[in-house]
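Chemist: Dropping a prediction and its sequence here:
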Amino acid sequence: MTISDPIADMLTRVRNAIMARHDAVLMPTSRMKLAIARILKKEGFISDYEVLKSSKPQREIRIHLRYDDKNAPILAGLERVSKPGLRVYVGRDEIARVHGGLGIAIISTSQGVMTGQQAWRKRIGGELLCHVW
């Protein structure tokens, strides 16, 4: 089975795991998914991630989700913006703040995957992958 949009699949798996209050979620890995997981960890939305060696040809990534002391998820929402059928590109001046600065935009640029704020500081634009808050 091939997935036409692996990033949307990743975001959906994380969203479903949060709604089911799981501690971690497992999915096939790719360089893009690792870059997104690295940003989510750096920004404090997830506690950790690890790449697992599996018996399958493709490695898997396990993302450990974060909850506060009242068992409410730190990650409130994930929204895929650019899709395979409709790519969304933004210039430096078009990078919007997500939920009044409480969230982040994840952008794929010529210098790698980074947050919208990092891209704005580096004065570059790119493909707007998703919003996280």
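Modeler: Arrived safely, thanks for sending. Numbering: from 1, shown residues only.

Chemist: where does the most centrally placed residue in the chain land in three-state SS?
Modeler: Geometric centre of the chain, nearest residue: Ile36, 4.2 Å, by Cα atoms, centre = their mean. Here Ile36 is recorded as helix under DSSP: H, G, I helix; E, B strand; the rest coil.

Chemist: mind checking pLDDT for it?
Modeler: In this model, Ile36 is scored at 98, pLDDT.

Chemist: Likewise for Gln58?
Modeler: Predicted confidence (pLDDT) for Gln58: 86.

Chemist: if I pick the residue nearest to the centre of the chain, what's in contact with it?
Modeler: Going by Cβ atoms under 8 Å, 6 or more residues apart in numbering, Ile36 touches 7, 10, 106, 113, 129-130. In this view, the C-beta of every residue, glycine as well, is placed from N, C-alpha and C.

Chemist: Show me which of those residues is closest to His22.
Modeler: The closest of those to His22 turns out to be Met10 (Cβ to Cβ; 14.6 Å).

Chemist: What is the burial count for that closest one?
Modeler: 25 (other Cβ atoms under 10 Å).

Chemist: measure it to Asn71 for me?
Modeler: Distance, Met10 to Asn71, using Cβ to Cβ, to the nearest Å: 23 Å.

Chemist: What of Lys53?
Modeler: Distance of Lys53 to Asn71, given as Cβ to Cβ: 32 Å.

Chemist: likewise Arg62?
Modeler: For Arg62, the distance to Asn71 - Cβ to Cβ - is 20 Å.

Chemist: Which two of the contacts of Ile36 have the greatest separation?
Modeler: With Cβ to Cβ as the measure, no two of the contacts of Ile36 lie farther apart than Met10 and Val113, at 12.6 Å.
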